[in-house]
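> Please work out how this folds:
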Amino acid sequence: MKPTLFLRIASVLTFIFCAGHTIGGVFGKPAPGVQAFVAQTMKANAFDAMGSRRTWWDFNIGYGLMVSVTLIVHALLFWHLGTLVKTDGGRLRTILALLFVEFAVQTPIAGRYFFLGPCIISAVVAVCLLGAFFTAPRGVPVLDSIKGEASDPRRTQVPA
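Residues are numbered from 1 along each chain as shown. All right, here's what the predicted structure looks like:
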């Protein structure tokens with residue numbers, strides 16, 4: 001498979017992850033019983049947090065929305081990298097490796113502190129990123145020693 005396909009799959013999975021997290025996690029309704037009781041308790045007890053009046057529910061929603069934003073940005077980033085990897089694969093390998101580490105590390109965290117769904121999606125995204133890393137071209141464009149810029153025929157040089 002080509003790195004573009006790996007990154008497109010990672011993009012779609014991350015978008016699905018974002019949708020599921022946002023709809024089911026952030027805006028989902030707690031089940032009756034213990035879950036509803038805990039949510040109500042989190043909403044009912046406000047305290048001072050660095051000069052602002054907040055509840056644990058505020059933090060829960062805020063952090064959940066921050067994760068949703070991060071996931072949608074990752075989905076868009078993976079899609080864009082899928083285009084760039086065709087011409088700049090050698091330069092993107094470090095970025096792909098870092099993104100792989102991010103999702104590989106969050107896989108056991110999701111399994112331990114959340115549940116199987118985010119764990120599996122994180123693992124599959126990590127595998128896709130690893131696949132993109134290993135199938136991306138290894139060469140880096142040769143640097144022009146005088147200008148310090150990559151020699152690339154697509155770039156236009158403006159005479160000094």
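> residue ranges of the helices in this structure, please?
3-20, 34-44, 56-113, 116-135 (DSSP state H).
> which other helices and strands contact the longest one?
When you say that, I think you mean helix 56-113. Judged by 3 or more Cβ pairs under 8 Å, 6 or more residues apart in numbering; DSSP states H and E, helix 56-113 is in contact with helix 3-20, helix 34-44, helix 116-135. (Glycine included, C-beta is placed from N, CA and C.)
> distance between it and the chain's centre?
1 Å (Cα atoms, centre = their mean, to the nearest Å).
> and if you look at the second one?
Between the mean C-alpha point of helix 34-44 and the mean C-alpha point of its chain there is a distance of 30 Å (Cα atoms, centre = their mean).
> Please list the outside residues in contact with that helix.
The contact list for helix 34-44 (Cβ atoms under 8 Å, 6 or more residues apart in numbering) reads 30, 55-57, 60.
> out of these, what pair is the most spread apart?
Pro30 and Thr55 (14.6 Å; Cβ to Cβ).
> Who has more neighbours out of those two?
Taking other Cβ atoms under 10 Å, Pro30 and Thr55 do not tie; Thr55 has more neighbours (16 against 13).
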